[in-house]
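Undergrad: quick one, fold the following:
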Amino acid sequence: MKTLILSAAALLSLSATAALAEGDAEAGEAAWRGCRSCHSIVADDGTTIQRGGRTGPNLYGVAGRHPGSVEGFNYSELMTSMAAANPDMVWNEELFVEYVANPVEFLGHHGGEGARRGTMSFRLNSGAEDMWAYLVSVGPAEEAASE
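TA: Residues are numbered from 1 along each chain as shown. Below is the predicted model of the structure:
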């Protein structure tokens, strides 16, 4: 019975909604400067929410998206193999916080194989919950809810 309860809890943690974002979206937006050198946030219709680099994938709609799945982005071998090892995984707050704390360790821990180096070298040791809340707040689910 405990296994069933734990499995149900694990499945529930995979759903990413704004209601589950525990951080402060305004603080996350203020911290964006640490991400913009590599990432941008551009809506599906081409509207630029946050201008940034292209070294990292577009973070629009990251909540609930399968890792390593942005069309046309060239992911590292480590990210690609981790994503393949976890076909049902989607980004949620818990996984995002774990990833940005130590991307290479995260990828290896979750089944990434190959070159022991990902392309993200930046670590976000604090404020990850705020960044997640910000990304969720500018994502497609929030836009649909506000229309």
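Undergrad: going forward, measure contacts and count neighbours with C-alpha atoms only.
TA: OK.
Undergrad: contact partners of the helix or strand where residue 105 lies?
TA: According to DSSP states H and E, residue 105 maps onto helix 103-109. When contacts are taken as C-alpha atoms under 8 Å, 6 or more residues apart in numbering, the neighbours of helix 103-109 outside the stretch itself are 78, 79, 82, 98, 99, 116, 117, 118, 120, 121, 123.
Undergrad: got the CA coordinates for it in PDB?
TA: Once non-C-alpha atoms are left out, helix 103-109 reads as follows in PDB (Å, rounded to 0.1, in the frame of the first residue of the first chain):
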ATOM      1  CA  PRO A 103      22.800  20.200 -14.100                       C
ATOM      2  CA  VAL A 104      25.500  17.600 -14.800                       C
ATOM      3  CA  GLU A 105      24.800  15.700 -11.500                       C
ATOM      4  CA  PHE A 106      21.000  15.900 -12.300                       C
ATOM      5  CA  LEU A 107      21.400  14.400 -15.700                       C
ATOM      6  CA  GLY A 108      23.700  11.600 -14.500                       C
ATOM      7  CA  HIS A 109      21.400  10.800 -11.600                       C
END
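Undergrad: which SSE is immediately downstream of that helix?
TA: By DSSP H and E, the next helix or strand past helix 103-109 is helix 128-137.
Undergrad: which residues are contacting that following helix?
TA: If you take C-alpha under 8 Å, 6+ apart as the criterion, helix 128-137 is touched by 17-18, 21-29, 31-32, 59-63, 93, 96-97, 100-101, 142.
Undergrad: report the mean confidence score over that helix.
TA: If you average the pLDDT over helix 128-137, you get 97.
Undergrad: counting neighbours, what do you get for the residue lying closest to residue 25 once chain neighbours are set aside?
TA: In space, residue 25 comes closest to residue 134 once its chain neighbours are excluded; the distance is 4.0 Å by C-alpha to C-alpha, 6 or more residues apart in numbering. In terms of burial, residue 134 registers 23 neighbours under the definition other C-alpha atoms under 10 Å.
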